[in-house]
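Undergrad: 3D model of this:
(one chain, ligands or ions: 1)
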Amino acid sequence: MVQQLRKTKRVRDGLGEVSPLTGLVRCESCGGKMYHHRSKKGNHDYYECANYSNSRAKFASDHCSPHSCSSKSIKVILLDVIQKTTAYVREHENDFIKMVQENTSLRQGQTLKSHTRKITKNERRIAELDKLFSSLYEDKVQGVITAERFAQMSNGFEQEQQNLREENITLQSEVDVFNEDNEKVDKFISLVQKYTRIEELTPTVINEFIDSIVVYQSEWSEATEENRRMGTRSQRIDVHLKYIGDFSVPDNRTDEEIEAERIKEEKAEERRKKQREYMREKNAAKKLAKEKEKAVAVKQSANVAKTKTKKSSSAKKSSPKEKATA
Ligand SMILES: [Zn+2]
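TA: Numbering: from 1, shown residues only. Next comes the predicted model:
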């Protein structure tokens, strides 16, 4: 019971609340962390770039734009990414492994084999060159070859060894990346197998699946007008998963489905645009009506003032004709 009460209080705690996404959300523009904020009324919570928040402070040197994004939107995207990726891994494990490996320089086991073979061959040649150098030195000591010839040949051996060593470093690092990626793929697959289905975004799910979230500057579908942002707001958010990073599930929709989706979105945007235009006209009409009203009021008060002055001056003259005009 006490636990329950404490829990409820924590949620209502506003800024004091520890958000499960803390430390995971980053700003795309400046690379800074994005922190959890709550609106004054408490009905809206969002993430904002720390460098933007700081720039509001008097002496801040770093500046960034707000990059604000609601917690709700981030969570919706996270759950969607996790659900889609885990479903894909479950249904197409082999394709998934291939896809992750495609991102590495070594695509197939075949290349891995030839890399390993080349490394061994190079090592053998390096050892051979050591021996050749020793016997060359012997020849020099015994006076079989001149010092000049010795210098020339030993330089050649050294250069060859140097090239082989450099080549092996490159080959080995590619093999390492391949092995590491394989390990990561295995780890991710075991993680997916831990869950039968992920229905909600619990702190454990976030902890296990999310590496980082990168929030981009939002964009508006229409040009800015007198510093006012117009149209539909859209914002890119990249979700980097643990082990596999920014993995995108292949789009298995047919061309017809993609086209239907596009038309649907186009129509929705058209409707939103019309709605915006309607609202703009309505607001403009309202503004105009208000201005007219104001103008009439100003004119009337001016008239009253005029009449008053006339009244006061006419009072002296006490002309009946002037009084009639009032
Ligand atoms: Zn920033």
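
Undergrad: quick check: pLDDT value at Gly31.
TA: You'll see Gly31 listed with a pLDDT of 87.

Undergrad: and for it, the neighbour number?
TA: 11 (other Cβ atoms under 10 Å). Heads up, the C-betas are built off the backbone N, CA and C, glycines and all.

Undergrad: can you list the domains in the chain?
TA: 2-92+202-241, 98-194 (automatic domain parsing).

Undergrad: which stretch in those domains has the least confidence?
TA: Among those, domain 2-92+202-241 scores lowest, with a mean of 77.

Undergrad: what is the helix or strand hosting Lys131 packed up against?
TA: Assessed by DSSP states H and E, Lys131 sits inside helix 109-141. In terms of contacts (3 or more Cβ pairs under 8 Å, 6 or more residues apart in numbering; DSSP states H and E), helix 109-141 is packed against helix 147-194.

Undergrad: got the buried residues for the helix or strand following the helix it packs on?
TA: Following helix 147-194 in sequence order, the next helix or strand is helix 203-209 (DSSP H and E). Judged by neighbour count using 16 or more other Cβ atoms under 10 Å, the buried positions of helix 203-209 are Val205, Ile206, Phe209.

Undergrad: is it correct that Ser29 falls within a helix?
TA: No. Using DSSP: H, G, I helix; E, B strand; the rest coil, the secondary structure at Ser29 is coil, not a helix.

Undergrad: quick one: residues contacting it.
TA: Going by Cβ atoms under 8 Å, 6 or more residues apart in numbering, Ser29 touches Cys49, Cys64, Ser65, His67, Tyr216, Gln217.

Undergrad: circling back to that earlier point, of the buried residues of helix 203-209, closest to the ion?
TA: Among those, Ile206 lies closest to the ion (Cβ to the ion), at 22.0 Å.

Undergrad: skip the chain neighbours and tell me the closest residue to the closest one.
TA: Once flanking residues are discounted, Ile206 sits nearest to Pro20: 5.0 Å by Cβ to Cβ, 6 or more residues apart in numbering.

Undergrad: helix, strand or coil for the one you found?
TA: coil.

Undergrad: surely Glu160 meets Leu129?
TA: Yes. Contact criterion Cβ atoms under 8 Å: Glu160 and Leu129 qualify, at 6.1 Å.

Undergrad: and the two? Which one has more around it.
TA: Leu129 (19 against 15).

Undergrad: quick check: the gap between that one and Tyr195.
TA: Distance, Leu129 to Tyr195, using Cβ to Cβ, to the nearest Å: 55 Å.

Undergrad: Tyr278 now?
TA: Applying Cβ to Cβ to Tyr278 and Tyr195 gives a distance of 47 Å.

Undergrad: the two: which is more packed in?
TA: The residue with more neighbours, out of Tyr278 and Tyr195, is Tyr195; 15 against 10, by other Cβ under 10 Å.

Undergrad: right, and the more buried one touches Thr86 too?
TA: Yes. Here Tyr195 reaches Thr86: they are 6.8 Å apart, a contact under Cβ under 8 Å.

Undergrad: if we can go back for a sec, can you add distance to the ion and give the buried residues of helix 203-209 back as JSON lines?
TA: Formatted as JSON lines, the buried residues of helix 203-209 follow (distance: Cβ to the ion, whole Å):
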{"residue": "Val205", "distance to the ion": "27"}
{"residue": "Ile206", "distance to the ion": "22"}
{"residue": "Phe209", "distance to the ion": "24"}
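
Undergrad: if Asp45 is in a bridge, with which residues?
TA: Arg38 (DSSP bridges).

Undergrad: residue contacts, it?
TA: Counting by Cβ under 8 Å, 6+ apart, Asp45 has contacts Ser19, His36, His37, Arg38, Ser39, Ser70, Ser71, Lys72.

Undergrad: also Pro203?
TA: Here Pro203 is in contact with Pro20 (Cβ under 8 Å, 6+ apart).

Undergrad: and it, how close does it get to Leu136?
TA: Separation of Pro203 from Leu136 (Cβ to Cβ): 68 Å.

Undergrad: cool, and His37?
TA: Distance from His37 to Leu136, by Cβ to Cβ: 73 Å.

Undergrad: surely His240 meets Phe209?
TA: No. Counting by Cβ under 8 Å, His240 does not reach Phe209; the two are 10.1 Å apart.

Undergrad: ok so, going back, which one among the buried residues of helix 203-209 gets closest to Leu78?
TA: Nearest to Leu78 among the buried residues of helix 203-209: Ile206, at 7.1 Å, using Cβ to Cβ.
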